[in-house]
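Chemist: Build me a model:
(one chain, ligands or ions: 1)
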Amino acid sequence: MNEEQFILGLKEHGIELSDKQQEQFRQYFELLVEWNEKMNLTAITDAPSVYLKHFYDSITAAFYVDLNGLKTICDVGAGAGFPSIPLKICFPELHVTIVDSLNKRIGFLEHLASMLQLENVHFVHARAEDFGQNPKYREKFDIVTARAVARLSVLAELCVPLVKKGGIFISMKGAAAGDELADAKKALSVLGAVIKEEHSFTLPIENSERSIFVFDKEKNTPKKYPRKPGVPNKSPI
Ligand SMILES: C[S@@+](CC[C@H](N)C(=O)[O-])C[C@H]1O[C@@H](n2cnc3c(N)ncnc32)[C@H](O)[C@@H]1O
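Modeler: Numbering: from 1, shown residues only. I've put the predicted structure just below:
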């Protein structure tokens, strides 16, 4: 996907990028490639793939969820900033918090945010298991999202405790995510979330399959979740 196709593809979904936003995506691409030479940020480095599989793919969440206005969003395990930084570029009013357990990635994101002059972005070096027990963050976000971090049954324990009651959790997955939803049924119910929407679609050009699940947080999460670092992965709810 070249830059022109990217801009047109978003426009088809009602997202029009200004010159400034287009330039921010260009700078993002350049910094990603530059820093990737020093540290492992992404296996994808050619421009058409970055625009399709990182930038466009991240923004697909906004095709299904209204991100306009002042909303707080937490991105769990954002790595090099996906999906929240492309979303922040498109929807500048968002207040973004990123939590990642790898400090060097947080270092990249801090530099990126300053170069792109992004406001209201906040980076935390922590395990999501600890972060979700911190009263400053627990059940505080309108939206919590994650892409390519863990199986849904595990991911739900990392993300749902951060969502405020009445908020949503967006899980962005590749193909065949239906099994994961069935496996995560108990975890979601224990944590206080229910499935609201399930979207399956293919990315343009390469036709790779994607799924986006949107969950409503209907009840507060019991205090014991998330459990200690590593436990959700070792023994999912
Ligand atoms: C495969 S990368 C995906 C990055 C990004 N979301 C994307 O889609 O490109 C997974 C990221 O999650 C982070 N991560 C994994 N487990 C975590 C946890 N328990 N708490 C916080 N971050 C975690 C890793 O450090 C890594 O940056």
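Chemist: Relative to the whole chain's centre, how far out is the lowest-mean-pLDDT helix or strand in the chain?
Modeler: Lowest by mean pLDDT, DSSP states H and E among the helices and strands of the chain is helix 178-183, with a mean of 88. The chain centroid and the centroid of helix 178-183 are separated by 19 Å under CA atoms, centre = their mean, to the nearest Å.
Chemist: Show residues contacting the longest helix belonging to the chain.
Modeler: Counting by DSSP state H, the longest helix found in the chain is helix 19-36. Helix 19-36 is touched from outside by 3, 6-7, 17, 41-42, 45, 47, 50-51, 54-55, 80-81, 85-86, 89-90, 108, 111-112, 115-116, with contacts defined as CB atoms under 8 Å, 6 or more residues apart in numbering. The C-beta positions use only the backbone N, C-alpha and C, and glycine is treated the same way.
Chemist: how about residue 196, secondary structure?
Modeler: Under DSSP: H, G, I helix; E, B strand; the rest coil, residue 196 falls in the strand class.
Chemist: if I look at the residue lying closest to residue 55 once chain neighbours are set aside, how far off is residue 4?
Modeler: Leaving out its chain neighbours, the residue that sits closest to residue 55 by CB to CB, 6 or more residues apart in numbering is residue 86, at 4.9 Å. For residue 86, the distance to residue 4 (CB to CB, to the nearest Å) stands at 17 Å.
Chemist: repeat for residue 77
Modeler: For residue 77, the distance to residue 4 - CB to CB - is 31 Å.
Chemist: more neighbours, these two?
Modeler: residue 77 (22 against 9; other CB atoms under 10 Å).
Chemist: Give me the three-state assignment for the residue nearest to residue 209 when sequence neighbours are not counted.
Modeler: Taking CB to CB, 6+ apart, and ignoring the residues beside it in sequence, residue 209 has residue 175 as its nearest neighbour in space, at 3.6 Å. In three-state terms, and counting by three-state DSSP, residue 175 is coil.
Chemist: for residue 175, what are its contacts?
Modeler: 208-211.
Chemist: hang on, the earlier thing: in the longest helix of the chain, what counts as buried?
Modeler: The neighbour-count check on helix 19-36 (16 or more other CB atoms under 10 Å) flags 21, 24-25, 28-29, 31-32, 35-36 as buried.
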